[in-house]
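> give me a model of this one.
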Amino acid sequence: LMCKMTSTVQGIAVCCSVFTLTTVAILRYRWRENQLQMEISGSTVLVVSIAMWVVAILFSSPELVVRRTILPAPEMGGKPACIDVWPSSQLKMVYKGFLFALCFLGPFFVIGYLWVTVGI
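Residues are numbered from 1 along each chain as shown. The predicted structure is shown next:
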């Protein structure tokens with residue numbers, strides 16, 4: 001169980017952190033554009049926060065399926081290891097590419113564009 005949960009919780013934390021930074025950049029941009037009209041209700045903050053967590057959980061959930069604990073042979077004297085066991089290497093590449101694009105590359109360009117725009 002710890003094998004599956006460790007990587008999943010780590011992925012959730014990273015994705016949620018990136019989404020939070022992206023949200024802050026968007027709000028900062030919107031505030032600069034509409035300083036007098038910028039009010040955010042508590043319900044909006046709650047909905048956005050829940051949405052970020054749900055998306056982060058969905059993006060990281062495949063880790064629950066592919067993580068396995070392997071036990072080495074007793075005569076080898078090794079410790080148990082936690083590895084990914086994907087049905088195919090292509091599926092692994094698609095998932096990792098999807099995760100890279102949506103949890104790093106997309107937010108990177110959005111944050112970069114918005115911060116450069118705010119800074120000018």
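> residue ranges with poor pLDDT in this structure?
Filtered on pLDDT under 70, the chain yields the residue ranges 36, 76.
> what are the boundaries of the strands in it?
Listed in chain order, the strands of the chain (DSSP state E) span 67-70, 81-84.
> show me what counts as buried in stretch 19-29.
Buried residues in stretch 19-29, counted by 16 or more other Cβ atoms under 10 Å: 19, 22-23, 25, 29. Yep, even glycine has a C-beta here, placed from its N, CA and C like the rest.
> nearest to residue 43 among these?
The shortest approach to residue 43 among the buried residues of stretch 19-29 belongs to residue 23, at 15.4 Å (Cβ to Cβ).
> if I look at the nearest residue to residue 18 once chain neighbours are set aside, how far off is residue 3?
Distances taken as Cβ to Cβ, 6 or more residues apart in numbering place residue 107 nearest to residue 18, at 4.9 Å, with adjacent residues excluded. Residue 107 is 28 Å from residue 3, where distance means Cβ to Cβ, to the nearest Å.
> the two: which has the busier surroundings?
Per other Cβ atoms under 10 Å, whichever of residue 107 and residue 3 has more neighbours is residue 107, with 20 against 16.
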